[in-house]
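[1] Sharing a model that was predicted from the sequence below.
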Amino acid sequence: MREAVPSRPAAPSVRGLVEDLLAGDKRAAAKLISLIEDDEPEAAEALALVYPHTGRAHYVGFTGAPGVGKSSLIDRLVRDLRSRGKKVGVVAVDPTSPYSGGAVLGDRIRMADTGIDPGVFIRSMATRGHAGGLALATFDAVRVLDAMGMDLVLVETVGAGQSEVEIAGRAHTTVVVEMPFTGDAVQTMKAGILEIGDVYVVNKCDLADPDVLVANLRFQIEERDGWRPPIVRTSALKGSRIDELADAIGRHRAFLESSGRWEARERARARQEILENARRILATRVREGPTGAGFEALVGEVVARKTDPQSAAVRLLAQGAAATKSQDRRTRPSSRPRARKR
Ligand SMILES: Nc1nc2c(ncn2[C@@H]2O[C@H](COP(=O)(O)OP(=O)(O)OP(=O)(O)O)[C@@H](O)[C@H]2O)c(=O)[nH]1
Ligand SMILES: [Mg+2]
């Protein structure tokens, strides 16, 4: 556990870290993502500095059942995109990993040739217990890679639970990965999967005939907002049709831009993130607990039936907002609440 005690040696200034990041320094990126992962107070300051430099990268979320081949596909895709001259960042979300800065994706995909390649940055994140929730922390990390100058940022989520679907839905492009031999795969698909994909991949085509699954998918997937999600048959193992996947992802970006959907997705994400941050800040204030004479006066009023608990809560929050406003004028852009440590 990190302690923000005065005796701790001074960390390199956040501003310096961000400057290094903007110059493409991978160590700065790694440090900034660690700050986000650990929910350190400096993270808010860093993100405020990073944010104006974001907005160019294409965020691509990958979702699908464990073991379908998401990491393997991303590995192949990174190479394909590099051969097209694109810079690629990867964030792998592992909500249960106890290792801070661990390398769940990296274990399997420790691409020997990408460690020194300045055009690739791969990082897995353990964000269990993050006060702001998985999706928020993940996209904070994605932004770091965006600001670093990556053309695409690929996000791998594990499984297809609620938060994974949420993360995938927040990307510009969502890639849903399936594999052919899971019997009635389409029926066993988690609800929602058929609605969230912009591109579908049937992977492991070297192992089984994908025709039935592809036909089922084609039958069930509907056109949305003028885009009919393509279905790509790949083998990540053999590296086949990875170029088709890269093309499909690129076509989806072009579609988003030409149709105005890119802007719409940006707005949807901004809306969601403002509310999530507000909720998190509020939750922290409530959790830290209001004390003092003002609070006790409110308690007295409720006990005396001069006001009711709900009205008292509304007044309490109004007071809190006023206090915070004057405090924020004196200090940094925002103070990020620390994660509750176990
Ligand atoms: N035969 C075959 N095996 C594959 C293919 N793609 C991935 N695999 C294998 O399937 C296993 C799981 O692949 P991963 O890429 O780790 O799958 P994942 O979806 O990232 O798995 P999680 O991150 O655990 O959800 C590994 O043993 C891969 O080598 C493929 O196209 N064909
Ligand atoms: Mg994986």
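    Done, it's in. Ligands and ions are numbered 1, 2, ... in the order given.
[2] now the strands for this protein?
    If DSSP state E is used as the criterion, the strands of the chain fall at 58-63, 88-93, 120-125, 152-156, 173-178, 199-202, 231-233.
[3] Which of those strands has the lowest mean pLDDT?
    Lowest mean pLDDT within the strands of the chain: strand 120-125, a mean of 88.
[4] The closest residue to S240 other than its chain neighbours: neighbour count?
    Using C-beta to C-beta, 6 or more residues apart in numbering and skipping the chain neighbours, the partner closest in space to S240 is T234 (6.3 Å). Heads up, the C-betas are built off the backbone N, CA and C, glycines and all. Using other C-beta atoms under 10 Å, T234 has 27 other residues around it.
[5] per-domain residue ranges of this structure.
    The chain resolves into domains spanning 56-266, 289-330 when parsed by automatic domain parsing.
[6] and these, which one is worst for confidence?
    Across the domains of the chain, domain 289-330 has the smallest mean pLDDT, namely a mean of 79.
[7] burial of E288, as a residue count?
    Applying other C-beta under 10 Å, we find 9 residues neighbouring E288.
[8] mind checking pLDDT for it?
    We have a pLDDT of 77 for E288.
[9] how near is it to ligand 2?
    E288 sits at a distance of 37 Å from ligand 2 (criterion: C-beta to the ion, to the nearest Å).
[10] quick one: that residue and R269, what's the gap?
    For E288, the distance to R269 (C-beta to C-beta, to the nearest Å) stands at 28 Å.
[11] With L316 instead?
    Distance of L316 to R269, computed by C-beta to C-beta: 31 Å.
[12] Now for R233: which residues touch it?
    R233 sits next to 201-202, 205, 210, 214, 241 when contact means C-beta atoms under 8 Å, 6 or more residues apart in numbering.
[13] at 10 Å what do you get?
    If you count contacts by C-beta atoms under 10 Å, 6 or more residues apart in numbering, R233 has them with 180, 200-205, 209-211, 213-214, 240-241, 244-245.
[14] Can you pick out the most distant pair from those residues?
    The distance between the two most remote of those (C-beta to C-beta) is 19.3 Å, for D209 and L245.
[15] Between these two, which is the more surrounded one?
    More crowded of D209 and L245, by other C-beta under 10 Å: L245, with 23 against 11.
[16] is it true that the more buried one touches L73?
    Yes - assessed by C-beta atoms under 10 Å, L245 is found in contact with L73 at 7.1 Å.
[17] where does the protein come near ligand 2, residue by residue?
    Applying C-beta under 5 Å from the ion, we find that the chain lies next to ligand 2 at 70-71.
[18] And the helices in the chain?
    Using DSSP state H, the helices of the chain run over 14-22, 26-37, 42-50, 70-83, 104-108, 134-147, 162-170, 185-188, 193-196, 211-220, 242-259, 261-288, 293-303, 309-330.
[19] Point out the most buried one among those helices.
    Ranked by mean neighbour count, the helices of the chain are led by helix 134-147 with a mean of 25 (mean count of other C-beta atoms under 10 Å).
[20] Could you find the closest non-adjacent residue to whichever residue of the stretch 151-300 of the chain sits closest to ligand 2?
    In the stretch 151-300 of the chain, no residue comes nearer to ligand 2 than E156, which is 5.6 Å away by C-beta to the ion. Closest residue in space to E156, ignoring its immediate chain neighbours: A92 at 4.3 Å, by C-beta to C-beta, 6+ apart.
[21] do the same with L207
    Distance criterion C-beta to C-beta, 6+ apart; nearest residue to L207, sequence neighbours excluded, is F181 at 6.5 Å.
[22] which residues touch that neighbour?
    F181 sits next to 204, 207-210, 212-213 when contact means C-beta under 10 Å, 6+ apart.
[23] Now distance to ligand 1 too, for the residues you listed, in CSV please.
    Listed next are the contacts of F181 as CSV, based on distance: C-beta to the nearest ligand atom, whole Å:
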residue, distance to ligand 1
K204, 4
L207, 5
A208, 9
D209, 13
P210, 11
V212, 17
L213, 14
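[24] hmm, back to that, thought the residue nearest to E156 was touching I167?
    No - contact between A92 and I167 fails when scored by C-beta under 10 Å: they sit 11.2 Å apart.
[25] Find the residues that touch each one of those two.
    Residues touching both A92 and I167 (C-beta under 10 Å, 6+ apart) are 62, 138, 155-157.
[26] Would you tell me which one of those comes nearest to ligand 1?
    Of all those, E156 has the smallest distance to ligand 1: 6.4 Å, by C-beta to the nearest ligand atom.
[27] now could you export just the CA positions of stretch 23-42 as CSV?
    What follows is stretch 23-42, C-alpha atoms only, in CSV (Å, rounded to 0.1, in the frame of the first residue of the first chain):
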residue,chain,number,x,y,z
ALA,A,23,7.2,12.9,-26.2
GLY,A,24,6.3,9.2,-26.5
ASP,A,25,8.2,7.9,-23.4
LYS,A,26,7.0,4.5,-22.5
ARG,A,27,8.2,4.6,-18.9
ALA,A,28,6.1,7.8,-18.4
ALA,A,29,3.1,6.0,-19.8
ALA,A,30,3.7,3.0,-17.5
LYS,A,31,4.0,5.3,-14.4
LEU,A,32,0.9,7.2,-15.3
ILE,A,33,-1.1,4.1,-15.7
SER,A,34,0.2,2.8,-12.4
LEU,A,35,-1.1,6.0,-10.8
ILE,A,36,-4.5,5.4,-12.3
GLU,A,37,-4.5,1.8,-11.4
ASP,A,38,-3.6,2.5,-7.8
ASP,A,39,-6.1,5.4,-7.7
GLU,A,40,-3.4,7.8,-6.5
PRO,A,41,-4.3,11.4,-5.9
GLU,A,42,-1.8,12.5,-8.6
